[in-house]
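J.: okay, here's the prediction I keep looking at, along with the sequence it came from:
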Amino acid sequence: MKKFLRISKSIIFLGILIFACLQLNNLFMRKSLSGPWDMGNKIGGFFNEVEDYDVMFFGTSHTYCSFEPLYIYEKTGLKSYVLSSQKQPLKITATYVKEAFKRKNPKVIFVDIYGGIFNITEDLGVVNSYSDYLPLSINKLIMIGTKVPRGFKAPALFPLVAYHSRWDELKDEDYKFDKSTYNDYLKGYVLLKDQSQDFKKDVIKDKEQLMESIKNFDEETYLKENLRAIDEIIETCKKNGAQVYFVKTPIYSYSYYKDNIKVFSKYLEDRGAKFIDFNDFYHEMGLSKKNFYDPHHLNVSGAEKFNDFFIDYMKKEGVFKDRLAKDKSWLENFKKYNINKS
């Protein structure tokens, strides 16, 4: 009996400790609520969504700066969501795809391969960006245990470890914050206007580091990791009866990545995967430098040109079938998008 009481007390204490840590996580974690990079709303908002989606988009920042769910809806009547994070490794994208299928039933998904064509250095910022807003689940625990680099497992599980020094920065919004308020009317898209100041001056930030990561994209261990991720994504989609397309969205600095994309597309071909490099249709889209926010990301004018072409291309492929866009809330959000893009 005494042994049973000791075990019960230990379980209760452990439960209280975990609950306290989770509450402190919510308090100290950066909420990321200010646009256009309000990833708390964009990633966290997905897990508050109650409606289903026909299409979903996954990957790095190249994904969330390219695909526009509201624009696609107004043109096709198809509902979609972008679930991605900055510099997201493909192994993490595979977890995001699994989490999405736990909640939604998309018939088609698109995965941008940018995370596979350069060697991503996973620092604390990258890890926290993909782990902070992902709800605790079996998938997340497996991700942390098998995919997050050893030195970052603790902050991935408990952001408190990374953010405990924020005492002086805490505001009323931190104390009163409720995760259920995460919401993104743009459905995961990051709306960028005009161009960055560096890009206007033809400056590529951290160029040496970028060139090194591009050169080492096929380092053996990293390449094997990416190919396992591709297989995991394909298997997840197969299991859920969904079609997956691997894509490369338009990038201004395409010449740096061109050879890597060709090599990676061969690996995809060997695995029987569908791959489309939309940079092959650069001129058909009518893209120019003014349509890019920086060397890597489309601005809103470029995104609309890309989505027009993307919609037509996928219709020809038989992926999309138009239906009437009549959901009032989506159409209201589209009006809001039109106002905010100006």
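T.: Sure, I can see it.
J.: use CA for all of it now, contacts and neighbours both
T.: Noted.
J.: under the pLDDT cut-off, which ranges of the stretch 101-250 of the chain? List them.
T.: By pLDDT under 70, the low-scoring segments of the stretch 101-250 of the chain are 160-178, 203-207, 209.
J.: at 80 what do you get?
T.: Along the stretch 101-250 of the chain, the parts satisfying pLDDT under 80 run over 158-179, 201-218.
J.: what about the helices in it?
T.: 124-131, 138-146, 153-157, 160-163, 172-176, 197-200, 207-215, 220-239 (DSSP state H, counting those that start in this stretch).
J.: using CSV, lay out those together with distance to residue 289.
T.: As requested, the helices of the stretch 101-250 of the chain are exported to CSV (distance: least, C-alpha to C-alpha, whole Å):
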stretch, distance to residue 289
helix 124-131, 28
helix 138-146, 38
helix 153-157, 37
helix 160-163, 38
helix 172-176, 39
helix 197-200, 9
helix 207-215, 18
helix 220-239, 31
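J.: turn those helices into TSV, including distance to residue 188 and mean neighbour count.
T.: Output for those, formatted as TSV (distance: least, C-alpha to C-alpha, whole Å; neighbours: other C-alpha atoms under 10 Å):
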stretch	distance to residue 188	mean neighbour count
helix 124-131	14	20
helix 138-146	20	16
helix 153-157	22	20
helix 160-163	24	18
helix 172-176	22	11
helix 197-200	24	14
helix 207-215	26	14
helix 220-239	20	17
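J.: nearest to residue 296, of the ones you listed?
T.: Comparing the helices of the stretch 101-250 of the chain against residue 296 with C-alpha to C-alpha, the closest turns out to be helix 197-200 (10.0 Å).
J.: which strands and helices lie in contact with that closest one?
T.: Judged by 3 or more C-alpha pairs under 8 Å, 6 or more residues apart in numbering; DSSP states H and E, helix 197-200 is in contact with no other helix or strand.
J.: just the CA coordinates for that helix, please, in PDB.
T.: Output of helix 197-200 as PDB, limited to C-alpha atoms (Å, rounded to 0.1, in the frame of the first residue of the first chain):
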ATOM      1  CA  GLN A 197      16.900  47.300 -49.500                       C
ATOM      2  CA  ASP A 198      19.800  44.900 -50.000                       C
ATOM      3  CA  PHE A 199      18.200  43.400 -53.100                       C
ATOM      4  CA  LYS A 200      17.700  46.900 -54.600                       C
END
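J.: backbone dihedrals for residue 81, please?
T.: With angles defined as degrees, to the nearest 10, residue 81 sits at phi -150, psi 140.
J.: bridging residues for it?
T.: Here residue 81 sits in beta bridges with residue 56, as judged by DSSP bridges.
J.: ok now do it, which residues does it touch?
T.: By C-alpha atoms under 8 Å, 6 or more residues apart in numbering, the contact list for residue 81 reads 46, 53, 55-57, 69, 187-189.
J.: make it 7 Å
T.: 55-57, 69, 187-188 (C-alpha atoms under 7 Å, 6 or more residues apart in numbering).
J.: wait, which of the residues you listed is closest to residue 100?
T.: residue 56 (8.6 Å).
J.: ok, now how distant is the residue nearest to the spatial centre of the chain from residue 336?
T.: Nearest to the mean C-alpha position of the chain, by C-alpha atoms, centre = their mean, lies residue 84 at 0.5 Å. Distance, residue 84 to residue 336, using C-alpha to C-alpha, to the nearest Å: 22 Å.
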